[in-house]
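# Quick one, fold the following:
(one chain, ligands or ions: 1)
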Amino acid sequence: MLRDSFGRVATDLRVSLTDKCNLRCTYCMPPEGLDWLPNAQLLTAEEIVRLVTIGVERLGITEVRYTGGEPLLRRELVDIVGRTTALTPRPQVSLTTNGIGLARLAEPLAAAGLDRVNVSLDTLDPATFKRLAHRDRHADVIAGLAAADGAGLRPVKVNAVLMRGVNDHEAAPLLRWCIDQGYELRFIEQMPLDAQHGWSREGMVTADEILRLLSGSFDLTPDDLEERGSAPAERFLVDGGPARVGVIGSVTRPFCGACDRVRLTADGQVRNCLFATEESDLKTPMRAGASDEELAERWLAAVSRKRAGHGIDDPSFLQPSRPMSAIGG
Ligand code: SAM
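Residues are numbered from 1 along each chain as shown. Purely as a prediction, here's the structure:
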């Protein structure tokens, strides 16, 4: 098992399939985009499936989430998902996506065994979407969400990041809309992971603020606090339920003590934390002929070095050199 020195066991693997994205969300990257990884540095579909298989068969991974960048941009996605769901023991397989292209891909992904999706949507207003993501693709995201629901990729979860003065007035309307559509909304605090290093504590809309913004329109009661386990979202029943909303206070309400995640970047680096400043290279030894056992050993060693917490509140905190899009959110 992927056990760290504090006794936490990583069972949830986040795999970035590409660092490229077709949006430019301001909390993630600059409008002009980034220097994407050269293709030769990206893991091939074969290499991805090999590492995921090692994770599942040898290291106790029970959940695999494909992300990016934008995972729907990866041509082999349906094949990778199908080969992942064919593993024994069968892991839960999900996708975090901006939803652009999901209208076309939801059915083939469901047929490949994908269990569910998280779709990012920060606003109900196409003009605000364009301002925030620098692309006029709001309608594509809405269509992608509907297609995911239609293909049975449920529960369809929606991820929203609120930005002060941009979309923070939309907290309650977003929740109302998601409830009406049957989607489960989760607000994520903005984290210092943008390529431009523009994050500031003052600019961040905190979990407390999000709950205050919602409580003007909804009656929220804590749900399953006992059962939260390693789930990052604190969940609340809305107006007595059954609808729920989640708030992920990664910065102000960190959940590192219960973290069960480990990440694999699109260029084959194991990261034991979103905020890790060190990575462990699996791609180079794999391409040099390492056996599955040797790769598993390296992976175990990488996880054993996981720090107690992300340390954002520590004066010595250093933002990782890779932005969110290159780590895999
Ligand atoms: N492109 C996909 C998407 O949009 O969901 C997957 C990758 S994206 C990096 C994954 C999630 O990270 C999205 O929900 C996005 O809103 C969130 N995200 C990106 N940068 C963030 C930041 N600085 N703080 C908090 N969440 C962030």
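
# C-alpha from now on. contacts and neighbour counts both.
Noted.

# which residue ranges form the helices in the stretch 151-300 of the chain?
171-181, 207-215, 283-287, 292-304 (DSSP state H, counting those that start in this stretch).

# for these, which one sits closest to the ligand?
helix 207-215 (12.1 Å; CA to the nearest ligand atom).

# burial count for residue 75?
11 (other CA atoms under 10 Å).

# in the chain, which spans are strands?
2-3, 9-10, 12-16, 63-67, 92-97, 116-120, 157-161, 184-188, 220-222, 234-238, 244-248, 261-264, 269-271, 280-281 (DSSP state E).

# In the stretch 201-329 of the chain, what residue lies closest to the ligand?
Closest point on the stretch 201-329 of the chain to the ligand, by CA to the nearest ligand atom, is residue 329, at 4.0 Å.

# what would the helices of the stretch 151-300 of the chain look like in TSV with mean neighbour count, distance to the ligand and mean pLDDT?
Below are the helices of the stretch 151-300 of the chain laid out as TSV (neighbours: other CA atoms under 10 Å; distance: least, CA to the nearest ligand atom, whole Å; pLDDT from 0 to 100):
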stretch	mean neighbour count	distance to the ligand	mean pLDDT
helix 171-181	17	14	98
helix 207-215	16	12	97
helix 283-287	15	21	98
helix 292-304	18	22	98
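
# Tabulate those helices (TSV), appending distance to residue 144.
Below are these laid out as TSV (distance: least, CA to CA, whole Å):
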stretch	distance to residue 144
helix 171-181	13
helix 207-215	26
helix 283-287	33
helix 292-304	35
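
# do you know which of those helices lies nearest residue 274?
With CA to CA, the closest approach to residue 274 among the helices of the stretch 151-300 of the chain belongs to helix 292-304: 12.6 Å.

# on that earlier part again, export the strands of the chain as TSV, with columns for mean pLDDT and distance to the ligand.
Formatted as TSV, these follow (pLDDT from 0 to 100; distance: least, CA to the nearest ligand atom, whole Å):
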stretch	mean pLDDT	distance to the ligand
strand 2-3	98	24
strand 9-10	98	19
strand 12-16	98	8
strand 63-67	98	5
strand 92-97	98	4
strand 116-120	98	5
strand 157-161	98	5
strand 184-188	98	6
strand 220-222	96	22
strand 234-238	96	16
strand 244-248	96	9
strand 261-264	98	13
strand 269-271	98	15
strand 280-281	98	20
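
# Of all those strands, which one is nearest residue 142?
Of all the strands of the chain, strand 116-120 comes closest under CA to CA, at 9.5 Å.

# so what does the closest one touch, helix or strand wise?
strand 92-97, helix 138-150, strand 157-161 (3 or more CA pairs under 8 Å, 6 or more residues apart in numbering; DSSP states H and E).

# In JSON lines, list these along with mean neighbour count.
What follows is the helices and strands packed on strand 116-120, written out as JSON lines (neighbours: other CA atoms under 10 Å):
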{"stretch": "strand 92-97", "mean neighbour count": "23"}
{"stretch": "helix 138-150", "mean neighbour count": "20"}
{"stretch": "strand 157-161", "mean neighbour count": "23"}
